[in-house]
Each structure stands twice: as C-alpha cells, then as structure tokens.
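Participant: Just need the structure, nothing else, for what follows:
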Amino acid sequence: MRGTVTDEGDARLRAVVGLAQAMAAAHTPQDAVRSAAAGARRALGGDFAAVSVWERELGRLRVLVNEGELAEDEQEFPADECYPVSDFPEITEFLHEEWARGGEPHAWVEVADPPPGADGGGEPGVRPDAGWG
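Facilitator: Okay, here's the model as predicted:
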C-alpha cells in the first residue's frame, strides 16, 4: 500500500471487512444480496442502495433488493421492479466497453446527486442503483 491511510480510508476498510463478513454469514442468496447492498451503502455513505441484475435477453434491469431508506412504493425484495436498460445509456455503454475488451463488468454505482463538477451519469432525483452485469 502506498501513502498514508486516512480516517476515511480506515472507515472504508472497516466497511469492506464488514461486508465480507456479512456475506460470508449469509444463509440464502437473498441474505447475500441484502448484505452486499447494505455494505455498499455504508461504504459509500449513502441512504439507499439497490442491487440489480441486467437481464440482457429482455433488455432490462431487474431489482433484486432495495436497502436503506425506501420510498413509500418500494419493497425490500420487489417481485417485479424492472427498468428498461435503455433508461440508463451510461450503464450499457460502460458494460459494452468492458465486454468489447474481453473483460467482465463487476459493478456499477450511480449516485442521485453527484458532487459539483462530477459526472454522475444520471439525472438528479433518480434513485441510485447498482447493477451487476
């Protein structure tokens, strides 16, 4: 490791270790996905996280779990919460670039309100979703 570990770095490292422990302790795939969403939310300091899967053949993102501060119409484990992947062109562009290079995409993080000057890739007010491709 290079450089000095900061308090923020320590907190992120603790969050990653906690995530690994929670996922290792999961008894079901749902528990593992919930743990992943909770760990990512804590590590990034967010209020909400979702884990979605890209159903390429159907052209959509299907939400597996919503975790954190849910909107009134959101469920922790939604039965049919799906979004056309075309609603997220930055995600499809990123994933296609990864596949074109022969890589396997692992995660995508989108924030609702990116810091000033940052390219968050989404419209303000859109719920953040993390999708695994």
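
Participant: just the CA coordinates of the top helix by length along the chain, formatted as PDB?
Facilitator: Looking across the chain with DSSP state H, the single longest helix is helix 7-25. Presented in PDB, the C-alpha positions along helix 7-25 are these (Å, rounded to 0.1, in the frame of the first residue of the first chain):
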ATOM      1  CA  ASP A   7      -9.500   8.000   8.900                       C
ATOM      2  CA  GLU A   8     -11.800   7.900   5.800                       C
ATOM      3  CA  GLY A   9      -9.700   5.100   4.400                       C
ATOM      4  CA  ASP A  10      -9.900   3.200   7.800                       C
ATOM      5  CA  ALA A  11     -13.700   3.600   7.700                       C
ATOM      6  CA  ARG A  12     -13.900   2.300   4.200                       C
ATOM      7  CA  LEU A  13     -11.700  -0.700   5.000                       C
ATOM      8  CA  ARG A  14     -13.900  -1.500   8.000                       C
ATOM      9  CA  ALA A  15     -16.900  -1.300   5.700                       C
ATOM     10  CA  VAL A  16     -15.400  -3.700   3.200                       C
ATOM     11  CA  VAL A  17     -14.400  -6.100   6.000                       C
ATOM     12  CA  GLY A  18     -17.900  -5.900   7.500                       C
ATOM     13  CA  LEU A  19     -19.400  -6.500   4.000                       C
ATOM     14  CA  ALA A  20     -17.200  -9.600   3.600                       C
ATOM     15  CA  GLN A  21     -18.200 -11.000   7.000                       C
ATOM     16  CA  ALA A  22     -21.900 -10.300   6.400                       C
ATOM     17  CA  MET A  23     -21.900 -12.000   3.000                       C
ATOM     18  CA  ALA A  24     -19.900 -15.000   4.400                       C
ATOM     19  CA  ALA A  25     -22.500 -15.400   7.200                       C
END
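
Participant: Name the helix or strand for residue 67, please.
Facilitator: Assigning secondary structure by DSSP states H and E places residue 67 in strand 60-68.

Participant: residues in contact with that strand?
Facilitator: 30, 33-34, 37-38, 41, 46-55, 74-78, 81-85, 88, 91, 129, 131 (CB atoms under 8 Å, 6 or more residues apart in numbering). In this view, the C-beta of every residue, glycine as well, is placed from N, C-alpha and C.
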